[in-house]
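Student: Pasting the sequence and the predicted coordinates here, then a few questions.
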Amino acid sequence: MKKSIAAIMMVIMLVLAAVPVSAAEKQQGQTVYIAGKKVNYSQAPVTMNGSTMVSARETMEAMGLKFTYDKANKRIIGTSANKQMTVSIVLNQWTATINGVSVFLGSPAVEKNGRIIVPLRFLVDSLGASMETKGSQINIKLNSQGSSKYNTGLPLEITNTTVTNRGKDTITVNYFTYFYEDWEIYTYKHSLTLEPGKKGVFELSTQHTGSHFDYQSDTDLIFLGRLIEGISVKDIVTASKGLAYVEEHYLSNAFEDNVIAMFERHIKEFDDNLKQRLKQNKNVPLEIIEWSISYDVLNYPEANIAVRNLTDKTIASFELSFSCYDAFGQKVTYRFGNSNRFKGTAVNSDIKSGYAQLVTWDLTYYARTSQLKNITIDKVAFSDGTVWKKK
């Protein structure tokens, strides 16, 4: 893969989960026909990020899929009658899976007016259907689901996290995990032995394209996707029908370009989010996330304060202050003075843009402290030599 992808990934290694998905939207005003029948939508189709977005339930059911919504994981699952084609879409993710294979979406699935809307093109392509647009009318022709490039031809029901044996024999499912490390794509091979009707959970089942993990290595790895290689039944090996296509899919320039584009979008969204939060924080560079009181081995209190850098610079050190109170709400004054205001300095902090840090302060001289109030950031020194001071 190109070196540019590694640089992009490393920039946002720890911050992607905090970035909300946003998209420009406009009313579509189109009518969708599937197999010659008009789909009646309670939520009309709209356009987001250049993709026609349609209500998932009505569209999936019109295409012959059973619709299921996994509320706990914010996941939509569409399953064919023979269980051999399954699409899984998680809200606000730029990728979905078709029989476990990661595929990029034109726009993430989102909720609108009580309905979950998804890219129509994804559903069409996943089932090997065809789509034609004439003016404001979209006509979808359903083909045999066996024509889908993602059909394994195996007695398996595959979601983004699990695989179920729908056959009559005990089988071993062989599959690969694709990941990125040190400028290259690598694979792990895995296997699951399943009795008839039994379900197994994929290794790294919680990962999605672009997420980071550590697996049998001290190196940070980036998950790309997985594919089913085939099954073994009584020493007879049967390869997945779509194996060659899916292997090429993961190694293609198009997949790489989509990974890069996804991370670039996340970077922009993260930067925009950070600027908005800095403004909400009254342009104070450090945001107070939370605080707690703990006790050292001598039972003296310690103040634990988590802060986040809301600027685009690296913070080298900072000063803060807070007021100390006991469990009854009474002021706890300094042992050798009359003030209950604690002042502290954190040095060699090295807090990068968007990152958080937990700092612990010794409150031995404020021994009865159990509450902190009025925590303020007083001064911040950046790694470029500039300094911010509270006005």
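Tutor: Yes, it's here.
Student: what residue ranges in this protein are flagged as low confidence?
Tutor: Applying pLDDT under 70 to the chain flags residues 1-29, 145, 183, 215-219.
Student: Pull out the buried residues from the lengthiest helix in it.
Tutor: Among the elements of the chain assigned as helix by DSSP state H, the one spanning the most residues is helix 253-280. For helix 253-280, the buried set under the neighbour-count rule, 16 or more other Cβ atoms under 10 Å, comprises 255-256, 258-260, 262-263, 265-267, 269-270, 273-274, 278. Just so you know, the C-beta spots here come from the backbone N, C-alpha and C atoms, and that holds for glycine as well.
Student: Then stretch 77-92?
Tutor: Those buried within stretch 77-92 under the rule 16+ other Cβ under 10 Å are 77, 78, 79, 80, 84, 85, 86, 87, 88, 89, 90, 91.
Student: Contacts only, for the second one.
Tutor: Listed by Cβ atoms under 8 Å, 6 or more residues apart in numbering, the contact set of residue 78 reads 56, 60, 63, 65, 66, 67, 68, 86, 87, 123.
Student: picking up where we left off before, in strands, which of the buried residues of stretch 77-92 fall?
Tutor: Under the assignment DSSP state E, the buried residues of stretch 77-92 contribute 77, 78, 79, 80, 86, 87, 88, 89, 90 to strands.
Student: Dump those to JSON lines, plus distance to residue 43.
Tutor: Formatted as JSON lines, those follow (distance: Cβ to Cβ, whole Å):
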{"residue": "77", "distance to residue 43": "19"}
{"residue": "78", "distance to residue 43": "17"}
{"residue": "79", "distance to residue 43": "22"}
{"residue": "80", "distance to residue 43": "24"}
{"residue": "86", "distance to residue 43": "24"}
{"residue": "87", "distance to residue 43": "19"}
{"residue": "88", "distance to residue 43": "21"}
{"residue": "89", "distance to residue 43": "16"}
{"residue": "90", "distance to residue 43": "19"}
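Student: In terms of distance to residue 45, which of the residues you listed ranks first?
Tutor: residue 89 (16.4 Å; Cβ to Cβ).
Student: ok, now how distant is that closest one from residue 75?
Tutor: 7 Å (Cβ to Cβ, to the nearest Å).
Student: same deal with residue 349?
Tutor: The value you get for residue 349 to residue 75, if Cβ to Cβ is used, is 39 Å.
Student: got the contact list for the helix or strand hosting residue 316?
Tutor: Here residue 316, judged by DSSP states H and E, is contained in strand 315-325. If you take Cβ under 8 Å, 6+ apart as the criterion, strand 315-325 is touched by 285-286, 291, 303, 305, 307, 309, 331-333, 340-351, 363, 366, 369-383.
Student: With stretch 338-351 instead?
Tutor: Residues contacting stretch 338-351 (Cβ under 8 Å, 6+ apart): 286, 303, 307-309, 314-325, 331-334, 357, 359, 361, 363, 366, 378, 383.
Student: Give the buried residues for that stretch.
Tutor: Neighbour counts over stretch 338-351 (16+ other Cβ under 10 Å) mark 340, 342, 344, 346, 349, 351 as buried.
Student: Report the beta-bridge partner residues of the second one.
Tutor: Listed beta-bridge partners, residue 342: residue 322 (assigned using DSSP bridges).
Student: Tell me the spacing between it and residue 73.
Tutor: Taking Cβ to Cβ, one finds residue 342 at 43 Å from residue 73.
Student: residue contacts, the residue nearest to residue 117 when sequence neighbours are not counted?
Tutor: Nearest in space to residue 117, with sequence neighbours left out and distances taken as Cβ to Cβ, 6 or more residues apart in numbering, is residue 53 at 4.2 Å. By Cβ under 8 Å, 6+ apart, residue 53 lies in contact with 28, 45, 46, 47, 107, 110, 112, 117, 118, 119, 120.
Student: Quick check on the last one: phi, psi?
Tutor: Residue 120 has phi and psi values of phi -60, psi -40 when expressed as degrees, to the nearest 10.
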